[in-house]
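Student: Fold the following and give me the result.
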Amino acid sequence: MASDGVTENCLAWAARDPSGVLFPYKFSRRAVGVDDVSLKITHCGVCYADVSWTRNGHGDSRYPLVPGHEIVGIVKEVGSNVRGFKVGDHVGVGTIVNSCRDCECCNDDQENCCLKGCVLTFNGVDVDGTITKGGYSSYVVVHERYCLKIPDDYPLASAAPLLCAGITVYSPMMRHNMNQPGKSLGVIGLGGLGHMAVKFGKAFGLKVIVFSTSISKKEEALNLLGADNFVISSDQEQMKALTKSLDFIIDTASGDHPFDPYLGLLKIGGIYTLVGFPSEIKFSPGSLNLGLRSLAGSITGGTKMIQQMIDFCAVHKIYPNIEVIPIGYVNEALERLIKRDIKYRFVIDIENSLK
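Tutor: Numbering: from 1, shown residues only. Below is the predicted model:
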């Protein structure tokens, strides 16, 4: 319940328990502080994190839980100290809404790795002790540091998936110099993250090879997304033909899978980046050592990198493949996401369906 004198004026959909089923919900956001931006949410992407936390997959869910960390909208109010945003601006908010702003990582614009712990956009504990609530809601109040500018001519619905799926693959690609034209990139998995890796790879001028266990994804990989090759990872002959041929691999698969067969596809000194979360990683040390290869992990990115990615997408006209849905369809969408029945990202039309 709201405290005395506080109106529950934020509309939302929330999970009440580990069943993960979402229902209409009302609550109150904090007042706009001097450094805050308040934005009317127009769209919110649907990420697998929404499934995990609404169903208490990590054992730390705090109910009622309002998910959503791919938030875009229009600024409706700014605090007196805010200089980077004005009313009417198009703005995005990604996976975090606060950090210490004083540690080595924060000072290096890597707030997502804050040494004192960043505050997640939903189900996090903010500095005032309140539990953060995400973008399946009508508006949000965020410190300006964690807001991203979206160009006016970039569609807001398309911008939403960039804030998690997009940055999750863009960040390691930039960190490991996977933007060298003519180099070769393997992409494992073709979902929300994988399809963005393909798009970025092509924009960087890379030769992109998609690896999947499903032959049904071949046509979309080659013809819809423009990949240069498609390989069924269980086909030993296809895999053998690519031995020591790749400069880079981005692994977006979260299901358990072998690593040695993929590591063997890297050239001497090749880089394998893992952005998925399998339950375990097993490989022979020789797969790394004998090929002078590197295995790296990555999660999302800091505000500077996210802004760079958004601007890059606007300039190169890179848009995620999305299915726009009303908020009333979100429970069905989450079930379809679990079944991987989406090409490639659900985006909720908050502005026109959350009433």
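
Student: Please go through the chain and pick out the longest helix.
Tutor: Looking across the chain with DSSP state H, the single longest helix is helix 303-316.

Student: Determine the set of other helices and strands touching that one.
Tutor: Packed against helix 303-316 by the contact rule (3 or more C-beta pairs under 8 Å, 6 or more residues apart in numbering; DSSP states H and E) you find strand 147-149, helix 165-175. C-beta: built from backbone N, CA, C; applies to glycine.

Student: Can you list the strands that the shortest one pairs with?
Tutor: Counting by DSSP bridges, the strands paired with strand 147-149 are strand 90-93 (antiparallel).

Student: in the stretch 251-355 of the chain, which spans are helices?
Tutor: Using DSSP state H, counting those that start in this stretch, the helices of the stretch 251-355 of the chain run over 260-263, 285-289, 303-316, 330-338, 350-353.

Student: Just confirm I348 contacts T42, I think it does.
Tutor: No. At 9.7 Å, I348 does not count as touching T42 under the criterion of C-beta atoms under 8 Å.

Student: So which of these two has more stuff around it?
Tutor: I348 (29 against 20; other C-beta atoms under 10 Å).

Student: list the contacts for the more buried one?
Tutor: H43, C44, G45, V46, G68, Y136, V324, I325, P326, I327, V330, A333 (C-beta atoms under 8 Å, 6 or more residues apart in numbering).

Student: which among these end up buried?
Tutor: H43, C44, G45, V46, G68, Y136, V324, I325, I327, V330, A333 (16 or more other C-beta atoms under 10 Å).

Student: between these, which is nearest K26?
Tutor: Lowest distance from K26 to the buried ones among the contacts of I348 (C-beta to C-beta) belongs to Y136, with 12.5 Å.

Student: For the closest one, give me the pLDDT.
Tutor: pLDDT for Y136: 98.

Student: Quick check: the gap between it and Y329.
Tutor: Y136 sits 12 Å away from Y329, going by C-beta to C-beta, to the nearest Å.

Student: swap in K183?
Tutor: Taking C-beta to C-beta, one finds K183 at 41 Å from Y329.

Student: Then V140?
Tutor: From V140 over to Y329 (counting by C-beta to C-beta), the distance is 21 Å.

Student: Which one's more surrounded, these two?
Tutor: V140 (28 against 16).

Student: mind checking the SS state of K217?
Tutor: For K217, the assignment made with DSSP: H, G, I helix; E, B strand; the rest coil gives helix.

Student: Please report the distance of it from L295.
Tutor: 25 Å.

Student: again with K218
Tutor: Distance from K218 to L295, by C-beta to C-beta: 27 Å.

Student: what residue is smack in the middle of this protein?
Tutor: C164 (1.5 Å; C-alpha atoms, centre = their mean).

Student: list the contacts for that one?
Tutor: Going by C-beta under 8 Å, 6+ apart, C164 touches G45, C47, A49, H69, E70, G94, T95, T300.

Student: Among these, which one has the most neighbours?
Tutor: E70 (33 neighbours).

Student: What confidence value was assigned to the residue lying closest to that one once chain neighbours are set aside?
Tutor: Nearest in space to E70, with sequence neighbours left out and distances taken as C-beta to C-beta, 6 or more residues apart in numbering, is G45 at 3.0 Å. Note on G45: pLDDT of 98.

Student: Contact partners for I350?
Tutor: So I350 contacts I41, T42, H43, C44, G73, G135, Y136, S137, S138, I327 (C-beta under 8 Å, 6+ apart).

Student: change it to 6 Å
Tutor: Going by C-beta atoms under 6 Å, 6 or more residues apart in numbering, I350 touches I41, T42, H43, C44.

Student: Sheet partners, orientation included, of the helix or strand harbouring the first one?
Tutor: It stands for I41. Using DSSP states H and E, I41 falls within strand 36-45. Counting by DSSP bridges, the strands paired with strand 36-45 are strand 71-78 (antiparallel), strand 139-143 (antiparallel), strand 345-349 (antiparallel).

Student: now the angle between helix 165-175 and that strand, please.
Tutor: Between strand 36-45 and helix 165-175, the angle comes out at 100 degrees (axes from the mean of the first three to the mean of the last three C-alpha atoms, to 10 degrees).

Student: need the next SSE after strand 36-45, C-terminal direction.
Tutor: helix 48-54.
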